[in-house]
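A.B. asks: Need a 3D model of the sequence below.
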Amino acid sequence: MATELLTCEQVGKSYWDGNHNLEVLQGVNLALNEGQLLAIVGSSGSGKSTLLHCMGGLDKPSTGQILFRGNDLAKWSPRMLADWRNQHLGFVYQFHHLLPEFNALENIAMPLLISGQSASQARQRATQLLQRVGLADRGQHRPAELSGGERQRVAIARALANNPALVLADEPTGNLDDETARQVMALMLELNREFGTAFVIVTHDQKIARALPKQVQLHHGKIVPQTAGAAK
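C.D. replies: Next comes the predicted model:
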């Protein structure tokens, strides 16, 4: 039987803008299994990124709860959340957020060093990941010396550095041309199969979403019920 990895139960998120309460998420229920691929689809302002931030413990829901392997994230201290993100999560963003003063190899090694691994262990793992994402000859290049697709491949390798259970990707192809976006998506699907890592990919692009076996759609902060025949 499939084992649940992360669960959202009646998750809501609201902000006070000085005049009224703005509800960004409303009663979101979502379950993600170990090793599962999930696309969260919606237009700009639908709450996709907010939901992803809550799932990653970067923001707290106003209502409801988020469970990781049965543990309520709201009960963890900031230090516990930081350690959990380092050890169990990877993040990929539309803009790669690589550290510009470090080369590709050093960027990938950074999460490993933070987790307490030795410099030699971190370098060995980073070298393996660079090779796996097809950039074995680009390790000494800084982000400014890499193409957009190469930078995103480095970002994906960095997200996988600590062999996380889950990678959260926010519009990971939104800054790429169509062909490069296709290649990056294909890489993430390959890595899912190879490592058994679950991926949640936020996108507004239906073509990207259809590449994943399960999709949910957000509209004004609510999950839209799937119609008959929709992907599951």
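
A.B. asks: what about stretch 33-44, start to end distance?
C.D. replies: 26 Å (Cα to Cα, to the nearest Å).

A.B. asks: Could I get the buried residue list for stretch 14-33?
C.D. replies: Residues of stretch 14-33 classed as buried under the neighbour-count rule (16 or more other Cβ atoms under 10 Å) are S14, E23, V24, L25, Q26, V28, L30, L32, N33. Where you see a C-beta, it was placed from the backbone N, CA and C, and this is true even at glycine.

A.B. asks: show me what contacts the fifth one?
C.D. replies: Q26 makes contact with G12, H220, G221, K222 under the criterion Cβ atoms under 8 Å, 6 or more residues apart in numbering.

A.B. asks: So for the second one, what's the pLDDT?
C.D. replies: pLDDT for H220: 88.

A.B. asks: ok, it - contacts?
C.D. replies: H220 neighbours (Cβ under 8 Å, 6+ apart): Q26, S46, G47.

A.B. asks: what about it, distance to V154?
C.D. replies: Separation of H220 from V154 (Cβ to Cβ, to the nearest Å) stands at 35 Å.

A.B. asks: thinking again about what came up before, can you lay out the contacts of H220 as CSV showing distance to T180 and secondary structure?
C.D. replies: As requested, those are exported to CSV (distance: Cβ to Cβ, whole Å; DSSP: H, G, I helix; E, B strand; the rest coil):
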residue, distance to T180, secondary structure
Q26, 35, strand
S46, 25, coil
G47, 27, coil
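
A.B. asks: Just give me the residue right at the centre of the protein.
C.D. replies: The structure's the chain has its C-alpha centroid closest to L168; by Cα atoms, centre = their mean the separation is 1.2 Å.

A.B. asks: so that residue sits in a strand?
C.D. replies: Yes: under DSSP: H, G, I helix; E, B strand; the rest coil, L168 sits within a strand.

A.B. asks: So what touches the longest helix belonging to the chain?
C.D. replies: What stands out as the longest helix in the chain, according to DSSP state H, is helix 178-195. Defining contact as Cβ under 8 Å, 6+ apart, one finds that helix 178-195 is touched by 35, 37, 132-134, 147-149, 152-153, 156, 160, 163, 167, 169, 172-173, 176, 197-199, 201, 205, 208, 211-212.

A.B. asks: ok, back up a step: got a winner among the contacts of Q26 for most neighbours?
C.D. replies: G221 (23 neighbours; other Cβ atoms under 10 Å).

A.B. asks: how far is the helix-or-strand element of the chain with minimal mean pLDDT from where the chain is centred?
C.D. replies: Within the chain, no helix or strand scores below helix 206-210, which has a mean of 83 by mean pLDDT, DSSP states H and E. Centroid displacement of helix 206-210 relative to its chain, using Cα atoms, centre = their mean, to the nearest Å, is 16 Å.

A.B. asks: any residues touching it, and which ones?
C.D. replies: For helix 206-210, contacts defined as Cβ under 8 Å, 6+ apart pick out A39, V41, T173, A181, M185, I201, T203, Q215, A231.

A.B. asks: now the residue located most distally from the centre of the chain, what's its secondary structure?
C.D. replies: What lies farthest from the middle of the chain is N19; by Cα atoms, centre = their mean that is 32.9 Å. Per three-state DSSP, the local secondary structure of N19 is coil.

A.B. asks: Check it and give its pLDDT.
C.D. replies: N19 carries a pLDDT value of 79.

A.B. asks: related to what we said a few turns ago, ok, so of the contacts of Q26, who is nearest Q94?
C.D. replies: Of all the contacts of Q26, G221 has the smallest distance to Q94: 20.5 Å, by Cβ to Cβ.
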